[in-house]
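Enquirer: what follows is a predicted protein model with its sequence.
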Amino acid sequence: MRAVLDPNILIAALLSPSGAPARIFGRWLGGDFELIVSEALLGELERALAYPKLLRRISADDAAEFVSLLRVAAILAPDPAAGARRSGDPGDDYLLALAEKERAVLVSGDPHLLEFADELPIEAARTFLNRLADE
């Protein structure tokens, strides 16, 4: 199975080591699925991790190490060409395009993306974690 983890899921994994996102991240580290990232996704993650409210909880060194791990250990896919605007937040459209292009499940906590779950393989973190447990 292949998955794209929305940056909000990756950040949640760092903030709450016992939550579903952290458990998903651990399952990836354990080889249970292939994690797909792109430069756009890593760039968004780096920008978010530099926000002052996150820097109070995640050190700059830990954030840099986390992004480096993703860059080295995940599958780095090319950023897809800009497609049609679909999400209520146009900044999230690249995630939809990346997951589609890479034939991956998009795991997100963003309501703008989860509203497409009937049309596209998009799952909330708990749903994806349950699916991993079932396989």
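Expert: Arrived safely. Since this is a predicted model, take the numbers as computed values, not measurements. Numbering: from 1, shown residues only.
Enquirer: helix or strand for residue 98, which one?
Expert: Using DSSP states H and E, residue 98 sits within helix 93-101.
Enquirer: which other helices and strands contact that helix?
Expert: Counting contacts by 3 or more Cβ pairs under 8 Å, 6 or more residues apart in numbering; DSSP states H and E, helix 93-101 is packed against strand 2-5, helix 39-49, strand 105-107. (Glycine included, C-beta is placed from N, CA and C.)
Enquirer: right, so those: which one is the most enclosed?
Expert: Burial of these is given as mean neighbour count (mean count of other Cβ atoms under 10 Å); strand 105-107 ranks first at a mean of 26.
Enquirer: in the helix or strand following it, what counts as buried?
Expert: Toward the C-terminus, strand 105-107 is succeeded by helix 111-114 as the next helix or strand (DSSP H and E). By 16 or more other Cβ atoms under 10 Å, the buried positions in helix 111-114 come out as 112, 113, 114.
Enquirer: now do the first one against residue 106, distance only.
Expert: From residue 112 across to residue 106, the span is 12 Å (Cβ to Cβ, to the nearest Å).
Enquirer: any chance of the helices and strands packed on helix 93-101 in JSON lines, plus distance to residue 65?
Expert: Listed next are those as JSON lines, based on distance: least, Cβ to Cβ, whole Å:
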{"stretch": "strand 2-5", "distance to residue 65": "17"}
{"stretch": "helix 39-49", "distance to residue 65": "11"}
{"stretch": "strand 105-107", "distance to residue 65": "22"}
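Enquirer: save these as TSV, and put in mean pLDDT and distance to residue 99 too.
Expert: Listed next are the helices and strands packed on helix 93-101 as TSV, based on pLDDT from 0 to 100; distance: least, Cβ to Cβ, whole Å:
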stretch	mean pLDDT	distance to residue 99
strand 2-5	97	5
helix 39-49	96	10
strand 105-107	96	4
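Enquirer: nearest to residue 12, out of those?
Expert: strand 2-5 (9.5 Å; Cβ to Cβ).
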